[in-house]
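In: Give me coordinates for this.
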Amino acid sequence: MGRPRKSMPQAPAGARRQWAADRAMRASMRSPGRPEPSCAVQREFWRLIASGVTTVQAAEGVGVSAPVGIRWFRHAGGMPPISLGEPTGRYLSFAEREEISLLRVQEFGVREIARRIGRDAGTVSRELRRNAATRGGKPVYRALVAQWKAQQAAKRPKTAKLAGNDELREYVQERLAGSVRRPDGTIVAGPRTPAWKGLNKPHRQDRRWATAWSPEQISHRLPVDFPDDESLRISHEAIYQALFIEGRGALKRELVMCLRTGRALRTPRARSQNKPQGHVTADVILSERPAEAGDRAVSGHGEGDLIIGTGRSAIGTLVERSSRSTLLVHLPRLEGWGVIPPVKNGASLGGYGAIAMNAALTTSMTRLPEQLRKSLTWDRGKELSAHAQFALDTGTKVFFADPHSPWQRPTNENTNGLLRQYFPKGTDLSRWSSTDLEAVAMAINNRPRKILGWRTPAEVFEEQLRSLQQSGVATTG
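Out: Numbering: from 1, shown residues only. The predicted structure follows:
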């Protein structure tokens, strides 16, 4: 069993409750009630958040309730309030404190406990003296309370730069939320907006007019405006933290509405990356696309999207990544459009509902040789929600780009820009027939391209067809 432990000194008769804390040489601490989870738990929570999981999933992953996880996320503005790096071995971990607590209950002495956990006896002695629970009148060592006391004692709060520098704070606030002015200096009030309620910007509603500089613009403009005053310097990240993290006290939280995104909370980058959701299942996200589709060396991999006009009119665009050859898909409005009232969750009569889109896209794709329709990369639009049936009908595997990531379909986005010369925004695209679209596609495909060595997409596409025919003959022979 080891040497018997020494009994903790008892408070003298009539001594106040703080006597044990005084002996531990620490200031009085507020009663924590039930102490919050350890920094290790919170650190793991924020690691899970950074990996892209939801707040509820992160809370479940570390063993805390969903309301606690949501509160942590909102109070921190979506930003980790602690370092995600593991602390050095210099400090006792929560696991070591649990071991100390268990060994103490078994009446092991300080030196035996130190030997078993691989620490110096002085470290264990100070831990038992400083971080024991004293609320009951006598010191009792509990790992959870000890961890909380150690975390409280380790805090080294300092005044935020914006809170301690009035001139810098006024400069930042003026560039963020300053008034919009006419050339003569008079203020333009802009639209009337409701008071901020802690939510993201309103969808398709008026927003407050402000100068609305980004934190990065503010940060890099300071050395230009004040080249000789080194005290007027701040990083853009410090401005974001002052806006989003509750309790910093430097900038009002409602100023987040002056940022371009208008988000009330910061969104972890991993959450905005490609995740299976809705009609986009795990096997069709962009990371599953074959590597050969990325380098354009192999023909048969395409990109697709819609260009939208007025009155729910649209044209489908397909571009082959290697040859840059364009194919336009005619999407006429269905019978009853404009006559039959729209029905919630009913069939779309605009021409690019899932069923109509599948039929039109299948007709267009099957005109190509099988070797030239290996894969198709689409955006996140619901018009291709029946992609599984399309893949069965055409043999073309469909993949979906990340949300809000048009650069993952660069050829298609560039082609859509070229097509807007013929089909400008704000015009009715349903008035053009399939033969009209074919003529426009021919005009685009017969333009010489710098990327193709000033050859045309039509010429490169013809070369691909001849290559397929020759390989087919060679294989047959």
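In: okay, CA-based contacts and neighbour counts for the rest of this
Out: Noted.
In: Alpha carbons of stretch 289-309, in PDB - could you do that?
Out: C-alpha atoms of stretch 289-309 as PDB (Å, rounded to 0.1, in the frame of the first residue of the first chain):
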ATOM      1  CA  ARG A 289     -13.700  12.600 -59.300                       C
ATOM      2  CA  PRO A 290     -11.000  10.600 -61.200                       C
ATOM      3  CA  ALA A 291      -7.600  12.300 -61.200                       C
ATOM      4  CA  GLU A 292      -7.400  12.100 -65.000                       C
ATOM      5  CA  ALA A 293     -10.300  14.600 -65.200                       C
ATOM      6  CA  GLY A 294      -8.200  17.300 -63.500                       C
ATOM      7  CA  ASP A 295      -5.200  17.500 -65.800                       C
ATOM      8  CA  ARG A 296      -7.200  17.700 -69.100                       C
ATOM      9  CA  ALA A 297      -4.900  15.200 -70.700                       C
ATOM     10  CA  VAL A 298      -7.700  12.700 -71.200                       C
ATOM     11  CA  SER A 299     -10.700  13.700 -73.300                       C
ATOM     12  CA  GLY A 300     -14.300  12.900 -72.300                       C
ATOM     13  CA  HIS A 301     -14.600  14.900 -69.000                       C
ATOM     14  CA  GLY A 302     -17.000  17.800 -69.100                       C
ATOM     15  CA  GLU A 303     -18.300  20.600 -66.900                       C
ATOM     16  CA  GLY A 304     -21.900  21.900 -66.900                       C
ATOM     17  CA  ASP A 305     -24.200  24.600 -65.600                       C
ATOM     18  CA  LEU A 306     -27.200  26.700 -66.400                       C
ATOM     19  CA  ILE A 307     -27.400  30.300 -67.600                       C
ATOM     20  CA  ILE A 308     -30.600  31.800 -66.300                       C
ATOM     21  CA  GLY A 309     -32.900  34.400 -68.000                       C
END
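In: which residues touch that stretch?
Out: Stretch 289-309 is contacted by residues 314-323, 371-379, 399, 409, 411-412, 416, 424-429, 464 when judged by Cα atoms under 8 Å, 6 or more residues apart in numbering.
In: quick one: the strands in the stretch 151-300 of the chain?
Out: Taking DSSP state E, counting those that start in this stretch to define them, one finds strands in the stretch 151-300 of the chain at 180-181, 187-188.
In: related to what we said a few turns ago, among the contacts of stretch 289-309, which lie within strands?
Out: Using DSSP state E to define strands, the subset of the contacts of stretch 289-309 located there is A314, I315, G316, T317, L318, V319, E320, S375, L376, T377, W378, F399.
In: Not counting its neighbours along the chain, what's nearest the fifth one?
Out: Same thing as L318. Nearest non-adjacent residue to L318, counting by Cα to Cα, 6 or more residues apart in numbering: G304, 4.5 Å away.
In: ok, now the fourth one?
Out: Distances taken as Cα to Cα, 6+ apart place L328 nearest to T317, at 4.8 Å, with adjacent residues excluded.
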